[in-house]
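Q: Attaching a predicted model along with its sequence, questions to come.
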Amino acid sequence: MNIQTKEQFLQDYKASTSNQLKEQELDQAVLDIISGVREDGDEALYRYTKKFDHVALDSLIVSKEELIEAKKQVDAGFLDALQQAIENIKAFHEQQKEKSWFVNKEPGILLGQKVTPLDKVGVYVPGGKAAYPSTVLMDVIPAKIAGVEKIVLTTPPQANGKINPHVLVAAQLVGVDTIYKVGGAQAIAALAYGTETIEKVAKIVGPGNAFVARAKKWVYGDVAIDMIAGPSEICIVADQTAPPSFVAADLLSQAEHDESASSICVTTSIALAEQIIAEVEKQTNTLERKEIIIQSLKQNGKIIVTANLQEAFLIVNELAPEHLQLMVENPNESLSSIKNAGAIFLGNYSPEPLGDYFAGPNHTLPTNGTAKFASPLGVYDFMKKSSIISYSKEALQQAADPIIKIATVEGLTAHANSIQLRKDDTNASSKN
Ligand SMILES: NC(=O)c1ccc[n+]([C@@H]2O[C@H](COP(=O)([O-])OP(=O)(O)OC[C@H]3O[C@@H](n4cnc5c(N)ncnc54)[C@H](O)[C@@H]3O)[C@@H](O)[C@H]2O)c1
Ligand SMILES: N[C@H](CO)Cc1c[nH]c[nH+]1
Ligand SMILES: [Zn+2]
């Protein structure tokens with residue numbers, strides 16, 4: 001991790017966002033995979049699974065026997081922890097439920113919005129470098145609360161051709177209908193276009209590595225997606241009141257996800273910056289995923305020293321990080337200065353992993369600066385709306401003139417005619 005000033009950081013940041021070369025290579029790889037799946041269906045899924053996950057599968061679907069076997073492999077402590085997390089995630093997401101509404105604006109006029117759950121949703125659960133039963137909960141519970149009828153899940157197989165048992169148990173607990181053993185861009189293409197085995201869905205949700213996130217971007221439009229939820233990011237704003245060991249531990253918690261993950265601390269204290277670096281080095285040596293962490297910090301680990309907190313918030317709003325921790329004297333007061341972040345954690349005792357697993361808010365969050373316009377995954381992602389318009393004969397006849405006027409100005413006389421016919425209708429029996 002290196003220390004930078006605000007000016008150095010912003011200069012590097014601008015240069016890195018304008019470098020599209022890396023994205024071009026990624027795009028080519030992803031587009032080749034998507035075309036392969038569209039052309040060859042299941043055969044391509046077996047082929048890419050062999051190539052990228054190094055396993056030759058017999059079937060793309062998790063069998064009943066595998067689901068039963070998984071239950072025998074997980075311990076009671078895990079089940080208990082999962083149940084507690086489920087309760088918190090359910091309670092939080094219940095608050096997001098949206099209802100249909102109708103207003104009777106004036107006599108004879110009924111307007112409203114009808115809320116309908118999506119029919120069929122595909123959930124991507126990452127599984128390359130770690131297993132994510134927590135993501136199963138985060139992505140399926142809001143879909144269930146919304147009332148989605150069919151939920152299918154896809155995740156990469158392990159080297160033995162099976163899916164991690166903890167993921168399978170989580171999926172059974174929350175009521176997933178079918179589980180596929182496919183990961184990466186090929187899984188996204190299969191959900192978007194369908195294959196012999198995998199049925200096309202209306203919307204794909206869930207996080208993943210750069211291949212998954214980019215594939216979602218490419219299929220968007222042919223299918224809905226939730227957001228770009230790529231490699232994990234953490235940004236911590238720390239003042240002299242933040243314990244350096246806590247800051248270091250929280251930065252490392254996201255660095256361990258992926259070599260492409262990003263961990264940034266913005267601090268007003270150069271002394272704290274130096275203490276954090278020392279802590280990061282000390283703690284890294286004790287961690288199992290040391291190799292990934294070292295690569296991640298080398299590529300995307302930074303400590304930025306600013307003159308004051310307002311400068312720190314300016315950087316945060318420019319970065320729009322997936323996760324933001326405010327480890328400052330008055331975190332609640334600072335909240336009003338934050339515009340762009342996927343999830344905001346306040347104070348020294350609200351570390352990011354609390355949100356990853358347990359507190360209740362969703363951990364599928366926008367990355368790569370997209371928190372400037374995107375929100376956390378929620379019940380609202382699984383519902384769509386239809387407008388309702390109902391006018392009586394009298395109400396329409398009263399509204400006719402302005403409608404005819406606007407239609408005529410637009411030169412759309414068939415529109416005007418549709419209204420004019422009803423304005424002129426004197427038939428007493430045609431009431432509705
Ligand atoms: N933003 C969020 O909300 C959020 C939440 C959880 C996890 N994450 C992120 O999800 C990611 C999980 O990544 P992961 O790798 O562990 O699992 P993953 O399932 O996302 O990716 C693994 C798949 O990537 C494909 N792949 C790997 N190398 C490839 C190559 N060279 N060419 C083509 N395809 C290739 C393979 O098909 C493999 O199955 C991490 O970056 C983590 O930070 C993000
Ligand atoms: N931090 C991840 C989102 O970027 C979510 C997660 C799941 N398990 C552990 N962490
Ligand atoms: Zn995490």
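A: Structure received. Numbers count the residues shown, from 1 in each chain. Ligands and ions are numbered 1, 2, ... in the order given.

Q: Okay, buried residues for the one helix or strand in the chain whose mean pLDDT sits lowest please.
A: Lowest on mean pLDDT, DSSP states H and E among the helices and strands of the chain sits helix 6-17, with a mean of 78. Residues of helix 6-17 classed as buried by neighbour count (16 or more other CB atoms under 10 Å): 6, 9, 13. Glycine gets a C-beta too; all of them are placed from N, C-alpha and C.

Q: I figured the first one was touching Ile315, is that so?
A: The one in question is Lys6. Yes. Counting by CB atoms under 8 Å, Lys6 touches Ile315, with 6.3 Å between them.

Q: Mind telling me what element Val212 is part of?
A: helix 210-219 (DSSP states H and E).

Q: Counting by contacts, list what the very next helix or strand once past that helix packs against.
A: Per DSSP H and E, helix 210-219 leads on to strand 224-225 as the next helix or strand towards the C-terminus. With contacts taken as 3 or more CB pairs under 8 Å, 6 or more residues apart in numbering; DSSP states H and E, strand 224-225 sits against strand 203-205, helix 210-219.

Q: rerun that using 10 Å as the cut-off
A: strand 120-124, helix 184-193, strand 203-205, helix 210-219 (3 or more CB pairs under 10 Å, 6 or more residues apart in numbering; DSSP states H and E).

Q: And the shortest one, what does it pack against?
A: So the one you mean is strand 203-205. strand 120-124, helix 133-146, helix 184-193, helix 210-219, strand 224-225.

Q: Quick check: Glu233 touching Ser263?
A: Yes. Counting by CB atoms under 10 Å, Glu233 touches Ser263, with 7.7 Å between them.

Q: joint contacts of the two?
A: Shared contacts of Glu233 and Ser263 (CB atoms under 10 Å, 6 or more residues apart in numbering): 254, 257, 300, 321, 323.

Q: In the stretch 51-200 of the chain, what residue lies closest to ligand 2?
A: Relative to ligand 2, the nearest point of the stretch 51-200 of the chain is Ser134 (4.6 Å; CB to the nearest ligand atom).

Q: Number of residues surrounding that residue?
A: 21 (other CB atoms under 10 Å).

Q: how close does it get to ligand 1?
A: 8 Å (CB to the nearest ligand atom, to the nearest Å).

Q: which ones are touching the nearest residue to that residue once chain neighbours are set aside?
A: In space, and not counting its chain neighbours, Ser134 is closest to Tyr357: 5.2 Å by CB to CB, 6 or more residues apart in numbering. By CB under 10 Å, 6+ apart, the contact list for Tyr357 reads 81-82, 84-85, 88-89, 133-134, 137-138, 363.

Q: For ligand 2, see how far away Tyr357 is.
A: 7 Å.

Q: what about the strands in the chain?
A: Ranges of strands within the chain are 2-5, 101-106, 109-117, 120-124, 150-154, 178-180, 203-205, 224-225, 233-238, 262-267, 301-305, 323-327, 343-346, 383-391, based on DSSP state E.

Q: hang on, Thr178 packs against Ile151?
A: Yes. With contact defined as CB under 10 Å, Thr178 reaches Ile151; the gap is 8.5 Å.

Q: just to revisit the earlier point, of all the helices and strands packed on strand 224-225, which one is nearest ligand 1?
A: Of the helices and strands packed on strand 224-225, nearest to ligand 1 by CB to the nearest ligand atom is helix 184-193, at 2.3 Å.

Q: What is the burial count for the closest residue to Leu111 other than its chain neighbours?
A: Distances taken as CB to CB, 6+ apart place Val103 nearest to Leu111, at 5.4 Å, with adjacent residues excluded. Neighbours of Val103 under the rule other CB under 10 Å: 11.

Q: Take the helices and strands packed on strand 203-205 and write them to TSV, including mean pLDDT.
A: Shown next, in TSV, are these (pLDDT from 0 to 100):
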stretch	mean pLDDT
strand 120-124	98
helix 133-146	98
helix 184-193	98
helix 210-219	96
strand 224-225	98
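
Q: Any chance of CSV for those, columns distance to Ala407?
A: Output for the helices and strands packed on strand 203-205, formatted as CSV (distance: least, CB to CB, whole Å):
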stretch, distance to Ala407
strand 120-124, 38
helix 133-146, 37
helix 184-193, 39
helix 210-219, 38
strand 224-225, 32
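
Q: now, of the ones you listed, which is deepest in the fold?
A: helix 184-193 (a mean of 29; mean count of other CB atoms under 10 Å).

Q: what about that helix and ligand 1, any contact?
A: Yes. Residues of helix 184-193 contacting ligand 1 under CB under 6 Å from any ligand atom: 184-185.

Q: gap between that helix and the chain center?
A: 16 Å (CA atoms, centre = their mean, to the nearest Å).

Q: Alpha carbons of that helix, as CSV, please.
A: C-alpha atoms of helix 184-193 as CSV (Å, rounded to 0.1, in the frame of the first residue of the first chain):
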residue,chain,number,x,y,z
GLY,A,184,-18.6,-17.2,-15.2
ALA,A,185,-19.7,-15.4,-18.4
GLN,A,186,-21.1,-18.7,-19.7
ALA,A,187,-23.6,-18.9,-16.9
ILE,A,188,-24.8,-15.3,-17.6
ALA,A,189,-25.2,-16.1,-21.3
ALA,A,190,-27.2,-19.2,-20.5
LEU,A,191,-29.6,-17.4,-18.2
ALA,A,192,-29.9,-14.6,-20.8
TYR,A,193,-30.6,-16.7,-23.9
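
Q: Show me the domain layout of this protein.
A: Under the assignment automatic domain parsing, the domains of the chain span 24-227+379-384, 231-372, 392-432.

Q: how about the second one, does it get close to ligand 1?
A: In this case it means domain 231-372. Yes. On the criterion CB under 6 Å from any ligand atom, domain 231-372 is in touch with ligand 1 at 231-232, 257-258, 260-261, 322, 363-365, 367.
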